[in-house]
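1. Whatever this is, show me its structure:
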Amino acid sequence: MERNNITKDMTINRTIKLFPKSIEVFNRFHLDSCCGGAKTLEESAKAANVDIDTLLEELNKKTGNP
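-> Prediction:
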């Protein structure tokens, strides 16, 4: 089964639903689905002063995406 990479346009909630292991990365970066789950990863990263490229790299590595 081919899987797509996690992208900056996905929301935290959608990412967690599709890739449950991603929650470990969100916890490490102090991003939660409670208050910011409906925001895109890019919006959430910016609000938390997290580098979006680093976040995406860690998420894709953790979930086994290329």
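2. Could I get the contacting residues of the nearest residue to E58 once chain neighbours are set aside?
-> Excluding the flanking residues, the one nearest E58 by Cβ to Cβ, 6 or more residues apart in numbering is V25, at 4.9 Å. To be clear about C-beta, it is placed using only N, CA and C from the backbone, and glycine gets the same treatment. Under the criterion of Cβ atoms under 8 Å, 6 or more residues apart in numbering, the neighbours of V25 are L55, E58, L59, K62.
3. Isn't the last one up against S22?
-> If I follow you right, that is K62. Yes. K62 is within contact range of S22, at 6.3 Å (criterion: Cβ atoms under 8 Å).
4. between those two, which one's more packed in?
-> S22 (24 against 17; other Cβ atoms under 10 Å).
5. and the contacts of V25, which of them are in helices?
-> Among the contacts of V25, the members falling in helices (DSSP state H) are L55, E58, L59, K62.
6. Break down the protein into its helices, ranges please.
-> 12-18, 22-28, 33-36, 41-47, 52-62.
7. I6: which of these is closest?
-> Smallest distance to I6 across these (Cβ to Cβ): 4.6 Å, for helix 52-62.
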